[in-house]
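> Sequence and predicted structure, then a few things I'm wondering about:
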Amino acid sequence: MFIAGNLLNALATILDIALTAYMWIIIIRSIISWVNPDPWNPIVQFLYRATDPVLRPIQRMLPMRGWGIDFSPLVAILAIIFIQKFLVASLTELAWRLR
């Protein structure tokens, strides 16, 4: 069973790294949105293409009328932190129990 434990531990580590990287991509997109970026810049296009599938549904659910502030990155980051604390931690604990 130690092989399954090692596999789950590796999966949890990779998932944690991927979620952290995605969180930083959302943070960078949020900071860039403050300065009116060039929409034809390849980096800006990558940031929008990478984060739109997550942020658009949140933006549709959150009422932004009258506030002028987009809280969707904050909600997405909180969801990522929840996934890291719950799912990644659960996978790591399960991996250690299988060893």
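Thanks, I have it.

> got a list of what residue 38 touches?
Shown in contact with residue 38 (C-beta atoms under 8 Å, 6 or more residues apart in numbering): residue 44. Yep, even glycine has a C-beta here, placed from its N, CA and C like the rest.

> Flag the shaky bits of this structure, pLDDT-wise.
The chain contains residues with pLDDT under 70 at 65-66.

> Residue for residue, what is the longest helix it has?
Across the chain, the longest stretch assigned as helix under DSSP state H is helix 2-32.

> just how off-centre is that helix within its chain?
Averaging C-alpha positions (C-alpha atoms, centre = their mean, to the nearest Å) puts helix 2-32 8 Å from its chain's average.

> Counting by contacts, list what the first helix or strand past it going along the chain packs against.
Next along the chain after helix 2-32, taking DSSP states H and E as the criterion, comes helix 42-61. Taking 3 or more C-beta pairs under 8 Å, 6 or more residues apart in numbering; DSSP states H and E as contact, the helices and strands that helix 42-61 lies on are helix 2-32, helix 72-83.

> now for the helix or strand following the last one, which elements pack on it?
Okay, so that is helix 72-83. Counting by DSSP H and E, the next helix or strand C-terminal to helix 72-83 is helix 89-98. Secondary-structure packing of helix 89-98 (3+ C-beta pairs under 8 Å, 6+ apart): helix 2-32.

> counting contacts, what elements does the helix it packs on pack onto?
Against helix 2-32 (3+ C-beta pairs under 8 Å, 6+ apart) you get helix 42-61, helix 72-83, helix 89-98.

> Would you reformat these as JSON lines and include distance to residue 19 and mean neighbour count?
Shown next, in JSON lines, are the helices and strands packed on helix 2-32 (distance: least, C-beta to C-beta, whole Å; neighbours: other C-beta atoms under 10 Å):
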{"stretch": "helix 42-61", "distance to residue 19": "11", "mean neighbour count": "13"}
{"stretch": "helix 72-83", "distance to residue 19": "5", "mean neighbour count": "16"}
{"stretch": "helix 89-98", "distance to residue 19": "12", "mean neighbour count": "14"}
